[in-house]
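K.L.:
return atomic coordinates for the entry below.
(one chain, ligands or ions: 1)
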Amino acid sequence: MGFRTKQVHAGVTPDPTTGAILTPIYQSTTFVQDSVDDYMGKGYSYSRAGNPTVRALEEKLTILEGGHDATAYASGMAATVAVFLGLLQAGDHVVIADVVYGGTYRFADQFLSKFGVDVSFADAADVAAIRSAMRPETRLVFTESPANPTLKVTDLAAVSEITKEADALHVTDNTFLTPYQQRPFELGANVVIHSTTKFLEGHNATLGGAVVVDRQELQEKIAFARIAAGLVMSPMVAFLTLQGIKTLSERMDRQSANALALAHWLQGHSKIDYVNYPGLVEHPQHDVSLRQSTGFGAMVCFEVEGGVEAGKKLMDAVELWSLAENLGSVESLITHPVTMTHAAVPRDERVAAGITDGLVRLSVGLEDVEDLIADLDAALDRI
Ligand SMILES: Cc1ncc(COP(=O)(O)O)c(C=O)c1O
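P.N.:
Just a heads-up that it's a prediction; the model follows:
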């Protein structure tokens, strides 16, 4: 079956009692048992342990990513935390890409050490840097490609080779490309994380997360962390995410085409210093992107001439674009990573990783690209 068929049908069967075509929102805390001897006979006990609406989403994501099984969470961060809680213990070491979502950096930097886990940050676009960061006690390598916000691309298959040789795990955040444009399990990854808040749900309506794994042992450890810490997704969020995913490919195709057109237009604008988009031949890892993904996503970043002041003026001057955190929705959003999504990263580390003070991040939506360009053009004229 093709991806479009799977995104509509996978994981969802008509409701056995009513025939409802959509999996109902099972808004119930608990599930009544037939007898003590037949405990969990229908598969559910308490919604922190599992819920039928959430399960339908987990089954859909497992099939779309081509993994073994999945768990869903209250947010993308809850998903990342469940992976760390489930897979790490005191004395372990982890290698984390130097450019990742700011919240992932913050958790790794400020919390993992409290539990006796040592963290190294390494340039994930440089395979040699990842290799030299490995230690005998390295339990996992965490990548995010393309990375938020600089759109640096990691050669995921090369990192998987390193983790395999080291008997470690490759955990990757696939939020930016989704399984429609990138399938990390085919590149040797062991755990795939999503903020479903972004492209998967796609409508700025929910906060959610998911973890897909390549084997049962990992599923059990991570699901145990979820139930123990109570990091669960609500049935309403699962329902909305199930509906959003049905149009994922159509949205990704159009939003990515808009992003490419915008990136080309920005390249030709006299007030723009540089533009980063993995689909541009000038992107430093364009070849890696071509090899490992089937699309380049809908995120673009750039620096305006005049640095941070000019960037801030631009973000205040746009009208159709919304100045907001979040990404991946049908509405186009403009973000200043340094004050918004990556404020938790210390300045020296930010700048070393290319997250400069004047960086502007675009999440390109579904609007007519001519309108998006006209609005940015008018705003650039005004600064
Ligand atoms: C790549 C990436 N991963 C994870 C997250 C965290 O997701 P959430 O906001 O759903 O907790 C984000 C949020 O921006 C993100 O961009």
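
K.L.:
in this protein, which residue is closest to the centre?
P.N.:
Closest to where the C-alpha atoms of the chain average out (C-alpha atoms, centre = their mean) is T175, at 2.0 Å.

K.L.:
which ones are touching that residue?
P.N.:
76, 101, 144, 148, 193-195, 198-199, 328 (C-beta atoms under 8 Å, 6 or more residues apart in numbering). In short, each C-beta sits where N, CA and C put it, glycine included.

K.L.:
now, the residues you listed that are in helices?
P.N.:
G76 (DSSP state H).

K.L.:
okay, the contacts of T175 in a markdown table with neighbour count and distance to the ligand next?
P.N.:
As requested, the contacts of T175 are exported to a markdown table (neighbours: other C-beta atoms under 10 Å; distance: C-beta to the nearest ligand atom, whole Å):
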| residue | neighbour count | distance to the ligand |
| --- | --- | --- |
| G76 | 25 | 2 |
| Y101 | 25 | 4 |
| E144 | 23 | 5 |
| N148 | 28 | 4 |
| I193 | 26 | 7 |
| H194 | 29 | 8 |
| S195 | 30 | 3 |
| K198 | 23 | 6 |
| F199 | 29 | 10 |
| G328 | 28 | 8 |
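
K.L.:
would you mind checking which of the contacts of T175 is nearest to A343?
P.N.:
Nearest to A343 among the contacts of T175: Y101, at 12.0 Å, using C-beta to C-beta.

K.L.:
so that closest one sits against I193, correct?
P.N.:
No: with contact defined as C-beta atoms under 8 Å, Y101 does not count as touching I193 (9.9 Å).

K.L.:
need the residues touching each of the two.
P.N.:
76, 173, 175.

K.L.:
please name the nearest non-neighbouring residue to the last one.
P.N.:
What that stands for is T175. Using C-beta to C-beta, 6 or more residues apart in numbering and skipping the chain neighbours, the partner closest in space to T175 is S195 (4.7 Å).

K.L.:
likewise G311?
P.N.:
G358 is the one closest to G311 (C-beta to C-beta, 6+ apart), at 4.3 Å.

K.L.:
likewise for F239?
P.N.:
I25 is the one closest to F239 (C-beta to C-beta, 6+ apart), at 4.7 Å.

K.L.:
next one: L61
P.N.:
A70 (4.7 Å).

K.L.:
where do the strands of the stretch 51-200 of the chain begin and end?
P.N.:
Counting by DSSP state E, counting those that start in this stretch, one finds strands in the stretch 51-200 of the chain at the ranges 69-73, 93-97, 118-122, 138-144, 169-173, 191-195.

K.L.:
okay if I get those as JSON lines plus mean pLDDT?
P.N.:
What follows is those, written out as JSON lines (pLDDT from 0 to 100):
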{"stretch": "strand 69-73", "mean pLDDT": "98"}
{"stretch": "strand 93-97", "mean pLDDT": "98"}
{"stretch": "strand 118-122", "mean pLDDT": "98"}
{"stretch": "strand 138-144", "mean pLDDT": "98"}
{"stretch": "strand 169-173", "mean pLDDT": "99"}
{"stretch": "strand 191-195", "mean pLDDT": "99"}
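
K.L.:
want to throw those strands into JSON lines with distance to E58?
P.N.:
Shown next, in JSON lines, are those (distance: least, C-beta to C-beta, whole Å):
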{"stretch": "strand 69-73", "distance to E58": "4"}
{"stretch": "strand 93-97", "distance to E58": "25"}
{"stretch": "strand 118-122", "distance to E58": "29"}
{"stretch": "strand 138-144", "distance to E58": "21"}
{"stretch": "strand 169-173", "distance to E58": "18"}
{"stretch": "strand 191-195", "distance to E58": "11"}
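
K.L.:
residues contacting the nearest residue to D109 once chain neighbours are set aside?
P.N.:
Nearest residue to D109, sequence neighbours excluded (C-beta to C-beta, 6+ apart): V119, at 6.8 Å. V119 makes contact with 93-96, 108-109, 112-113, according to C-beta under 8 Å, 6+ apart.

K.L.:
count the residues that sit near P136.
P.N.:
Other residues near P136 come to 7 when the count uses other C-beta atoms under 10 Å.

K.L.:
state the distance from it to F84.
P.N.:
To F84, P136 is 20 Å away according to C-beta to C-beta, to the nearest Å.

K.L.:
residues from the chain in reach of the ligand?
P.N.:
Residues of the chain lying close to the ligand (C-beta under 6 Å from any ligand atom) are 75-77, 101, 103, 144, 148, 173, 175-176, 195, 197, 207, 209, 341.

K.L.:
cheers, nothing more for now.
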